[in-house]
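> Sharing a model that was predicted from the sequence below.
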Amino acid sequence: MKTFTKRLSVALLLSMGFSAHAQKHVHGEGELLIAQEGSVLQMQFIIPAADALGFEHQAANSADKNAIDVLAQQLKNSSHAIDIKGQCILQSTENSLAHSHSEHDEHDEHDEHDEHDHHNVEATYNFNCKTPVLGFSVTLFKLMPSLNALNVQWISNTGQSSTEVTRNNPVISWQS
């Protein structure tokens, strides 16, 4: 089901012209892509590493590696990122931090490093929802003090749209 959900989300978002990697990398701003079909709900956060971790470079010391490990653990709990208005059960979660400071990855990325490289942290959550989802409150702002806004794009059972949520207005609503 995980593969099906990924393919579903990618197909749905691409059909709407969404492209996470085509967006401009702006510190303080991230993206949230949402796809829902029936009871299956997937959310993907894409956040500049500077906002998520406080740095974009490869982990250079134990403090950097610790920051990565702490955030990776926090992102495993969906309540650190999103509060869903509906009865949804987290089925799986992934984030891009799992291997971000392994010896192999550091070596490969160091060889290709460009002083203008920008890195993002991605976190994906897959839910099974027993009741209609009426909206969300983004709680990720509490974890990331320099994150100010998220550009949100979605396809849901009720339609498609986009909006921006901010630290001061973190709520996304739609009617089912």
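Sure, I can see it.

> If we ignore the residues flanking it in sequence, what's nearest the residue minimising distance to the centre of the chain?
Closest to where the C-alpha atoms of the chain average out (CA atoms, centre = their mean) is residue 45, at 1.3 Å. Of all residues not flanking residue 45 in the chain, residue 123 sits nearest, at 4.7 Å (CB to CB, 6 or more residues apart in numbering). (Each C-beta comes from the backbone N, C-alpha and C, glycine too.)

> The one you found contacts residue 44, doesn't it?
Yes - Residue 123 lies in contact with residue 44 (CB atoms under 8 Å); the separation is 7.2 Å.

> So the two - more neighbours on which side?
residue 123 (26 against 20; other CB atoms under 10 Å).

> Report the secondary structure element holding that one.
Per DSSP states H and E, residue 123 falls inside strand 120-129.

> This structure: strands as residue ranges?
29-37, 40-48, 82-85, 88-95, 120-129, 135-138, 149-156, 159-166, 171-173 (DSSP state E).

> just checking, what packs against the last one?
Pointing back at strand 171-173 there. Judged by 3 or more CB pairs under 8 Å, 6 or more residues apart in numbering; DSSP states H and E, strand 171-173 is in contact with strand 135-138, strand 159-166.
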